[in-house]
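# model this:
(chains A and B)
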Amino acid sequence: RKEVEQDPGPFNVPEGATVAFNCTYSNSASQSFFWYRQDCRKEPKLLMSVYSSGNEDGRFTAQLNRASQYISLLIRDSKLSDSATYLCVVNFDSWGKLQFGAGTQVVVTP
Amino acid sequence: GEEVAQTPKHLVRGEGQKAKLYCAPIKGHSYVFWYQQVLKNEFKFLISFQNENVFDETGMPKERFSAKCLPNSPCSLEIQATKLEDSAVYFCASSQSRTDSYEQYFGPGTRLTVT
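The predicted structure follows:
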């Protein structure tokens, strides 16, 4: 079983719609949680850190559920530029090493 | 600088040759991490540094891989005697400190092709 699991998608989303997807992690001692986006094998770009209380950044909302060991990302009012692979990333220990999910592909269509 | 810089962008090596990759972290960042991305989206952690000291090397295949971060020089990752399976994109990331939950910022990567 992978340590960080994501639905690979693709999620095909009409422009302006809302899309949400989850990620589960296996290590209950996980310390930090992030969403990154990656375009066409370019570098991962930090989208947002995910905090216990949940957090929002513009059209993006992230939630953390420690009891069920999952994090979620919701994108409102989807733009064509939101088309990308969204990587769920978890820091399992105090050494900073990141564990990556395989990514969820989102395709926003006109 | 304001971004993580990596050179070269692409590197092609024959099997058995040496490959050396470079990374300059964001100015003021104390931590440097190296990751290998193979195939789809599988990222593998290799090694991390706190300034010039190895911080965590649990991901390094030590028989052929080595890495350094020396003062006033870019960090480097070296692969001796490359194998076909080393073909991947190698990303370097830097982080400011341990107190920001290790938010890591990635460089553009070096694509290594071993033929």
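
# got the buried residues for stretch B:59-76?
Of the residues in stretch B:59-76, those with enough neighbours to count as buried (16 or more other Cβ atoms under 10 Å in any protein chain shown) are B:59, B:60, B:65, B:67, B:69, B:74, B:75, B:76. C-beta here means a position set from N, CA and C on the backbone, and glycine is covered the same way.

# what's near enough to touch the first one?
So that's residue B:59. By Cβ atoms under 8 Å, 6 or more residues apart in numbering or on different chains, the residues touching residue B:59 are A:97, B:44, B:45, B:46, B:47.

# are any of those buried, and which?
Among the contacts of residue B:59, those that count as buried by neighbour count (16+ other Cβ under 10 Å) are A:97, B:45, B:46, B:47.

# thinking again about what came up before, JSON lines for the contacts of residue B:59, including secondary structure?
Rendered in JSON lines, the data for those read as follows (DSSP: H, G, I helix; E, B strand; the rest coil):
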{"residue": "A:97", "secondary structure": "coil"}
{"residue": "B:44", "secondary structure": "strand"}
{"residue": "B:45", "secondary structure": "strand"}
{"residue": "B:46", "secondary structure": "strand"}
{"residue": "B:47", "secondary structure": "strand"}
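
# ok, so of the buried ones among the contacts of residue B:59, who is nearest residue B:36?
Sorting those by how near they are to residue B:36, with Cβ to Cβ, puts residue B:46 at the top with 5.9 Å.

# of the contacts of residue B:59, closest to residue B:112?
Of all the contacts of residue B:59, residue B:46 has the smallest distance to residue B:112: 12.6 Å, by Cβ to Cβ.

# do you know the pLDDT at that closest one?
According to the model's per-residue confidence, residue B:46 sits at a pLDDT of 96.

# surely it meets residue B:77?
Yes. Counting by Cβ atoms under 8 Å, a contact exists between residue B:46 and residue B:77, whose distance comes to 7.2 Å.

# what parts of chain A come near chain B?
Applying the criterion Cβ under 8 Å from any Cβ of the partner chain, the portion of chain A that neighbours chain B consists of A:31-32, A:34, A:38, A:41-46, A:49, A:85, A:87, A:91, A:94-103.

# among these, name the ones in strands.
A:32, A:34, A:38, A:45, A:46, A:49, A:85, A:87, A:91, A:98, A:99, A:100 (DSSP state E).

# and the last one, what does it touch?
The one in question is residue A:100. For residue A:100, the residues meeting the contact criterion (Cβ under 8 Å, 6+ apart) are A:4, A:87, A:88, A:89, B:41, B:42, B:43.

# ok, the first one touching residue A:30?
Looking back up the chat, that one is residue A:4. No. Shown here, residue A:4 and residue A:30 do not form a contact pair, counting by Cβ under 8 Å, at 9.1 Å.

# list the residues that contact both of these two?
Joint contacts of residue A:4 and residue A:30 (Cβ under 8 Å, 6+ apart) are residue A:90.

# and for residue 94, the neighbour number?
No chain specified, so I'll use chain A. Burial of residue A:94, expressed as a neighbour count using other Cβ atoms under 10 Å in any protein chain shown, amounts to 12.

# wrong one, chain B
Taking other Cβ under 10 Å as the criterion, the count of residues near residue B:94 is 25.
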